[in-house]
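Colleague: Quick one, what's the 3D model for this:
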Amino acid sequence: MTKRILIIEDEHLLAEMYVTRFAREGFKVSIAKTVAKGIELAKKEKPHLILLDILLPDENGIAFLIIKQSEKSIARIPVVAFSNFDDPEIKKQALALGALEYLRKTDYTPQELVEKVRSYVK
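Modeller: Residues are numbered from 1 along each chain as shown. As a prediction, this is how the structure comes out:
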């Protein structure tokens, strides 16, 4: 069974790089660049995991997590927060709102990120 992931990332080049890497590894990948689009795609596609950037153009990833929790149809989809925004309070909030982990982009190569995601969507 093909695993579906939703990447919520507004930086086009990063998003494309991750799509390419995950697709090469056998994942079906969707991209959203805003919180609103992320919620819409999560409801429509029911991905196995959401990879969530924290700094987004409309609202931040924390807003996404709050909305996701209140939407019964997507509340149980696992989320890995993935950002270069390294603020301890934001990290604490993300984890308190259900993110499995809060990873810094600069600490992971694309392949390491694939392996991390794979560990959650067995």
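
Colleague: The chain: helices as residue ranges?
Modeller: All helices of the chain, identified by DSSP state H, fall at 12-24, 35-45, 61-70, 88-96, 110-120.

Colleague: Nearest to Arg4, out of these?
Modeller: Across those, Arg4 has its closest neighbour in helix 35-45 (6.1 Å, CB to CB). No exception for glycine: its C-beta is placed from N, CA and C like everyone else's.

Colleague: That closest one to helix 61-70, inter-axis angle?
Modeller: Here helix 35-45 runs at an angle of 40 degrees relative to helix 61-70 (axes from the mean of the first three to the mean of the last three CA atoms, to 10 degrees).

Colleague: What sits closest to the residue positioned nearest the centre of the chain if chain neighbours are left out?
Modeller: Nearest to the geometric centre of the chain sits Leu51, at 1.5 Å (CA atoms, centre = their mean). Spatial nearest neighbour of Leu51, excluding adjacent residues (CB to CB, 6 or more residues apart in numbering): Ile7 at 4.6 Å.
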